[in-house]
Structures are given as structure tokens and as C-alpha cells.
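> Sequence and predicted model, in that order:
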Amino acid sequence: MDHFLYRGGILHAEDVPLTEIAAAVGTPFYCYSTATLTRHFQLFQDALAGMDHLVCFAIKSLSNQAVLRTLGKLGAGMDVVSGGEYRRAQAAGVPGDRIVFSGVGKTRDEMAYALTHGIRQFNVESAEELRVLADVASCLGKTAPITLRVNPDVDAKTHEKIATGRKEDKFGVPIASARAIYAEAATLPGIEVVGIDVHIGSQLTDLAPFEAAFTKIADLTRELRADGHVIRRLDLGGGLGIPYTRSNETPPLPTEYGAMIRRVLGDLDVEIEIEPGRLIAGNAGILVASVIYLKQGEGRDFLILDAAMNDLIRPAMYGAHHDIIPVIEAQTASDQRPVDIVGPVCESGDTFARQRAMPPLAPGELVAFRSAGAYGAVMSSEYNTRPMIPEILVHEDQYAVIRPRPSFDDMINRDTVPPWL
Ligand code: LLP
């Protein structure tokens, strides 16, 4: 459920008509709903209620400071994967003891920065990284709390590019090597083992792969404890999928996910961390665009929008589906016609949907891409020298521009011309 609904025939974000925002800031723009962000965060809080837990928002999915501050104020932790994301969490006022640091390629500088400013734990992804972290922490006279990310060799049955828990994926250490690496960790200076981490992929629409992975983690917890390690925390990663179409998709609910966690891991007396991104942010955001042309092609018509693949890359990159709906509600369903919905970028990959049934839309009319909050703005670029589009946050009847549209000068003047030119 989200808070983008038609009222009086106009699509609203909470209590604000999107036509009003479009008139004020122009199109295209991203628009997020505070109520949906809050609701989705709360669903996880409720799902894990009664267990010692921390919900760490995966910043990579939507990293605007206003969003992070909204969630941080509700008590969320943050999952970061770079020094830049760490600084965003910091700038949003989230204390270090609520920040977990994931990622396969942490640099010494990133480690040192996090150790100096405070960190809940590093999710270490290799023996090589572990040794470097021990060295960095020792040089700083600090102790790095760590989990080891374990690769359980479970197929998440999701899109090839976002499955991360199979042995051929670059993530984590093979579960069979875990005991040896934990044994090494116990001997290293500057390292304190606190738990185990696992993340098998994103947009999972079935609980079975999660359960298979968590069962292996439960067994490993017992083994590691028998080896004498302190395993007091399990970080279960993110990955719970969302419905991208309104009709036929019913991914598991956070309550079902929470119940499964309780069943598989509840008797281990551990603190549970999860790192959801998409489920919190995905349906809390839309992208609003205008029609530039309805171009009549040979055998098919093209609806050409002012948004493009540089603004929302998911359809081009993963073949992802986003529902696209008119901001002014269609009067009848009967006059819908199939069109290819495309952007102005100079490649055929800049196609959002093929032969999608749409009501008649004239140039200047507005459409909204649903479920665009996660992996939307964060993956955008200035390809074709198209300015990054604004982000707007709505809260009841108020809205604020939380990232303005840069001017062309802002963009172009970031380049510097060398003296010989
Ligand atoms: N934790 C780790 C270690 C991750 O790598 C990810 C996502 C998450 C948590 C959050 O997963 P979520 O709950 O959002 O599924 N750009 C792709 C998705 C990439 C996901 C990368 N890792 C897309 O647009 O579908």
C-alpha cells in the first residue's frame, strides 16, 4: 500500500496534487511520500517486535538526506556500502552505533573514517579484507566489530544481475571456509567478532531461498559458538521484494518474513539486523514526467516523454516493469491503446515499456512511474547532458524540494579546461 492515490481525478502524493508540484518545479521529478516510508519501516519494526533487532535501511536504494533523516528519526539504522554513504548517514544525524558497513571492496580510507567516527560493525567479505581491517584498526588503536558475510550458495531466484548468494557471485566467503576465517579473526589484533552476515539478493518474491540461507546461518551459529566464538548478532541483509504491478504479484509480507525469521532463528538468543532498501523506499516514490510527443511510427506509436533512461535506468538495465499511469485519471478504460513509452536519449535501450496500453495522452500531459522510489534517483546520471532531476518529499499537505534541479551552468562548469587549451 502507498499514498499515491487519485482524488477528484488527480493523482496526489498524500494530500498534495502532483499537478501542483509539476507546475512549481517542472518535469521530470521524483516524489516521495513520508507516510509510505514511515509505514514500510514500521512494518519491519512490527514484524520483528519482541526480538532484539535493528532495521538498517539500505541507503543505496534511496540516499537523499531528507529520506535518511525521516527514517533515522524513527530509529532506523543504516546499511552503507561506501565512504560517501557513511557520510550521508552521518549528515542525516544517524549515530555511528546504528551504521553497518557492507561491501566487497572497502578501502583503508573508508575503514579508517568509519572507525574514527563510530561504527556498529563492518560486514567483512573476505579474509583479505579482514587482515587489512585488523591492520587499519590496530594502527588507529581501535577495535573493529565485525561479522563475516557468508555466501551460503543459495539461488535467490531473482534477476541474474541482483542475485548475490550463489558460489559464483563475488560476495562473501564460501560457507565452507567460514570456520577457518573466524578462527583467524580470533587471532587478529583490532578485530572483535560479533556475528554473521548474509545477503542473498534483491527483489525476492518467495521466502524459501531466505529460509534456506537462514537455516545454514543457524547451523553455522551453533558451530561457531562450539568453536568458542561470540556470535551475538545476525545480519540477514535485505532483499524482500515488492509488487511492481498492481494485478498479479503478491510477494511475501514483512509479517511473514518476520515470522519465518522467528521460526528459524528465534531460539538462538541473537540480535537480528536486517537491511531492507526496496521494500521501504520502492513504493514510497514515483517519477513524474511529461509527454513531449506522441509519434506515429510504422505499425506502432511512440509516447515520447521528457524522462529517460538516465533518470530511471531499471527498465533498460534489468528489463524491469514499472506501472505508468496518467496523473489526470483516465475517464474510461475502453479507449486505451498500446504504445511504446520511450525517452529522448539517443539509444533504443531508452525504452520504458513496449506496447503498453495507455489512455490517449497529448503533449504536455503528465504521467507517473509507480514504484520508482528505490534504485531510481540513486542510479541516475547526466547522460546526454541531461540534468539530474529534482527530488521532492511530501508530508501530508506540505512538500519540499529535497534536491533541486541543477542549472545547465552548474553542470557544465564542473568541467575544467586544461591550461594548454
Ligand atoms: N544489503 C546488501 C548487502 C545489499 O547488497 C543490498 C542490495 C541490500 C541490503 C538491499 O536490498 P533490497 O532490500 O533493496 O532488495 N539496482 C537493483 C537492485 C540492487 C540491489 C543491490 N543490493 C535494482 O534496481 O533492482
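On my side now, so go ahead.

> from here on, contacts and neighbour counts on C-alpha atoms
Will do.

> now for the lengthiest helix in the chain, which elements pack on it?
Using DSSP state H to define each element, the chain has its longest helix at helix 208-226. Packed against helix 208-226, as judged by 3 or more CA pairs under 8 Å, 6 or more residues apart in numbering; DSSP states H and E, are the following elements: helix 254-265.

> angle of the helix it packs on against helix 208-226?
Orientation check (axes from the mean of the first three to the mean of the last three CA atoms, to 10 degrees): helix 254-265 against helix 208-226 gives 30 degrees.

> Centre of the chain to helix 254-265, how far?
Distance of helix 254-265 from its chain centroid, counting by CA atoms, centre = their mean, to the nearest Å, is 21 Å.

> count of neighbours near residue 174?
Residues near residue 174, counting by other CA atoms under 10 Å, number 18.

> confidence score at it?
Here, the pLDDT recorded for residue 174 equals 94.

> Can you name the residues bridging to it?
Going by DSSP bridges, residue 174 is paired in beta bridges with residue 151.

> That one reaches residue 152, doesn't it?
Yes. Assessed by CA atoms under 8 Å, residue 174 is found in contact with residue 152 at 6.7 Å.

> Quickly list what's touching both of the two.
residue 167 (CA atoms under 8 Å, 6 or more residues apart in numbering).

> which residues touch residue 207?
252, 257 are the contacts of residue 207 under CA under 8 Å, 6+ apart.

> For burial, what's the neighbour tally of the closest residue to the ligand within the stretch 1-150 of the chain?
For the stretch 1-150 of the chain and the ligand, the shortest gap (CA to the nearest ligand atom) falls at residue 58, measuring 5.1 Å. Residues lying near residue 58 (other CA under 10 Å) number 28.

> Spit out the contact partners of it.
Counting by CA under 8 Å, 6+ apart, residue 58 has contacts 78-80, 238, 275-277.

> now those in a markdown table, with secondary structure?
Below are the contacts of residue 58 laid out as a markdown table (DSSP: H, G, I helix; E, B strand; the rest coil):
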| residue | secondary structure |
| --- | --- |
| 78 | strand |
| 79 | strand |
| 80 | strand |
| 238 | coil |
| 275 | coil |
| 276 | coil |
| 277 | coil |
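
> Now render the residues you listed as a markdown table, adding distance to residue 344.
Listed next are those as a markdown table, based on distance: CA to CA, whole Å:
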| residue | distance to residue 344 |
| --- | --- |
| 78 | 36 |
| 79 | 35 |
| 80 | 33 |
| 238 | 34 |
| 275 | 35 |
| 276 | 33 |
| 277 | 29 |
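
> ok, which of these also contact the ligand?
Of the residues in the contacts of residue 58, proximity to the ligand by CA under 6 Å from any ligand atom holds for 238, 275-277.

> picking up where we left off before, the residue of the stretch 1-150 of the chain closest to the ligand pairs with what?
residue 79.

> all helices of this structure, in order?
18-25, 34-47, 65-73, 83-91, 108-117, 127-140, 178-187, 208-226, 254-265, 278-281, 314-318, 408-412.

> Could you tell me the average pLDDT over the fifth one, please?
Spelled out, that is helix 108-117. 98.

> Which residues are in contact with the closest residue to residue 201 other than its chain neighbours?
Nearest residue to residue 201 in three dimensions, chain neighbours excluded: residue 163, at 4.3 Å (CA to CA, 6 or more residues apart in numbering). Applying CA under 8 Å, 6+ apart, we find residue 163 in contact with 155-157, 169, 200-202.

> separation between the residue most central in space within the chain and residue 12?
In the chain, the C-alpha nearest the mean C-alpha coordinate belongs to residue 61, at 2.1 Å (CA atoms, centre = their mean). Computed as CA to CA, to the nearest Å, the residue 61 to residue 12 distance reads 23 Å.

> what does residue 130 give?
Residue 130 is 49 Å from residue 12, by CA to CA.

> what's the helix or strand bottoming out on mean pLDDT in the chain packed up against?
Lowest on mean pLDDT, DSSP states H and E among the helices and strands of the chain sits strand 173-174, with a mean of 94. For strand 173-174, the packing partners by 3+ CA pairs under 8 Å, 6+ apart come out as strand 144-151.

> Outside of the strand it packs on itself, list whatever touches it.
Under CA under 8 Å, 6+ apart, the answer for strand 144-151 is 115, 119-126, 133-134, 137, 165-167, 171-175, 178, 182, 190-200.

> residue contacts, the closest residue to residue 119 other than its chain neighbours?
Distances taken as CA to CA, 6+ apart place residue 96 nearest to residue 119, at 4.5 Å, with adjacent residues excluded. Counting by CA under 8 Å, 6+ apart, residue 96 touches 90, 114, 117-120.

> what do you get for residue 37?
Contacts of residue 37 by CA under 8 Å, 6+ apart are 71, 280-281, 284.

> near the ligand, which residues of this structure show up?
Residues of the chain lying near the ligand (CA under 6 Å from any ligand atom): 58, 61, 102, 162, 199, 202-203, 237-240, 275-278, 314, 375.

> So what are the sheet partners of the lengthiest strand in the chain and their directions?
In the chain, with assignment by DSSP state E, the single longest strand is strand 285-296. The pairing partners recorded for strand 285-296 under DSSP bridges are strand 29-33 (antiparallel), strand 301-305 (antiparallel), strand 366-369 (antiparallel).

> residues in contact with that strand?
Counting by CA under 8 Å, 6+ apart, 22, 27-33, 301-307, 361-374 sit against strand 285-296.

> Drop anything exposed from those.
22, 27-33, 301-307, 361, 365-374 (16 or more other CA atoms under 10 Å).

> Quick one: the contacts of residue 96 as JSON lines, columns for distance to residue 353 and neighbour count too.
Below are the contacts of residue 96 laid out as JSON lines (distance: CA to CA, whole Å; neighbours: other CA atoms under 10 Å):
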{"residue": "90", "distance to residue 353": "38", "neighbour count": "19"}
{"residue": "114", "distance to residue 353": "42", "neighbour count": "23"}
{"residue": "117", "distance to residue 353": "45", "neighbour count": "13"}
{"residue": "118", "distance to residue 353": "45", "neighbour count": "17"}
{"residue": "119", "distance to residue 353": "42", "neighbour count": "21"}
{"residue": "120", "distance to residue 353": "42", "neighbour count": "20"}
